[in-house]
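Give me a 3D structure for the following:
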Amino acid sequence: MDISDKNIDGGKAFDWGKTSEDYAKFRDIYPEQFYKRIVKLNLCVSGQTVLDLGTGTGVLPRNMYHYGAKWIGTDISDKQIEYAALLSEGMNIGYYAVSAEKTDFPDNSFDVITACQCFWYFDHKKIMPELYRMLKPDGSLLILYMAWLPFEDKIANASEKLVLKYSPAWSGAGETMHPIDIPECCIKYFELVYHEEYPLQVHFTRESWHGRMKACRGIGASLSENEIKSWEQEHIRLLSETAPDEFDICHYAAIAQLKKKNISIL
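Numbers count the residues shown, from 1 in each chain. Next comes the predicted model:
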């Protein structure tokens, strides 16, 4: 399903389903400390029911499944959901192909609602009252993010420049470490109780970094097949000339925990 937003990539349409195969193979890259920071907040653990919005190929539910929470994942792309279900074989995780704005579970269904690497895609004014309604009293909305740091990592910087050559309006470039932006409309329903930003290193081979970059919005999710092939040829050549066989890429991760307020919604 094509998605377009004037605030993202200059309004250029993208479809995560186009890159699901690469997404499934190359974007399951969060280090264990990423998940342990969540558990340290006593979130997504045994005894809790969690809804993961924009679940993609189910990276968060699959990797946190052993912590004991009951998971449900939703995503706007049916192709992403197909891969999520395939990769979660043997796990009791429910997956549904539905947009965040149309997710409609009963009141007080979840202890935690997560949004990992996707929160900015949502219509916040529309979903906030729904997230509030679906969360149990004292429930938490957990927003998660991880990105490479192009100004601190030469390999990431060079790869990013090549993405921009093919997708000049791509708005995923130029990341720096900063807190997650919380829209003003959230404040009526939720209180920010915790945030953290921290640097980390993520290990790659040339193949896995190439796959990670191909599976980004500016390439695999938005370009034509011919454009992707041309980009791939250039990127493979770039890495062969500038990167060792294995390397770490400088990233940062960010967490924002918002607690459900005790208010009356008329």
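
The stretch 101-250 of the chain: strands as residue ranges?
Secondary structure of the stretch 101-250 of the chain (DSSP state E, counting those that start in this stretch): strands located at 110-116, 135-148, 190-205, 246-260.

The stretch 1-150 of the chain: helices as residue ranges?
20-26, 32-40, 59-64, 78-87, 124-134 (DSSP state H, counting those that start in this stretch).

so where's the stretch 151-266 of the chain shaky on pLDDT?
264-266 (pLDDT under 70).

mind running it again at 80?
263-266 (pLDDT under 80).

in it, which spans are helices?
In the stretch 151-266 of the chain, the segments counted as helices under DSSP H, counting those that start in this stretch are 154-166, 206-214, 225-242.

In the shortest one, which residues are buried?
Okay, so that is helix 206-214. Arg206, Ser208, Trp209, His210, Gly211, Arg212, Met213, Lys214 (16 or more other CB atoms under 10 Å). From N, CA and C alone the C-beta is placed, and that goes for glycine too.

distance of the second one from Asn157?
Right, the one you point to is Ser208. 18 Å (CB to CB, to the nearest Å).

and Tyr194, how many neighbours?
By other CB atoms under 10 Å, 13 other residues sit near Tyr194.

returning to what we had before: just the helices of the stretch 151-266 of the chain: most buried one?
helix 206-214 (a mean of 20; mean count of other CB atoms under 10 Å).

just the strands of the stretch 101-250 of the chain: most buried one?
Buried most deeply of those, by mean count of other CB under 10 Å, is strand 110-116, with a mean of 24.

Show me what it is packed against.
When contacts are defined as 3 or more CB pairs under 8 Å, 6 or more residues apart in numbering; DSSP states H and E, strand 110-116 packs onto strand 49-53, helix 59-64, helix 124-134, strand 135-148.

Using PDB, write out every CA atom in it.
Output of strand 110-116 as PDB, limited to C-alpha atoms (Å, rounded to 0.1, in the frame of the first residue of the first chain):
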ATOM      1  CA  PHE A 110      -3.500  -3.400  26.800                       C
ATOM      2  CA  ASP A 111      -0.900  -2.700  29.500                       C
ATOM      3  CA  VAL A 112       1.500  -1.300  26.900                       C
ATOM      4  CA  ILE A 113       1.200   0.000  23.400                       C
ATOM      5  CA  THR A 114       4.500   0.200  21.500                       C
ATOM      6  CA  ALA A 115       5.500   2.100  18.300                       C
ATOM      7  CA  CYS A 116       9.000   1.300  17.200                       C
END
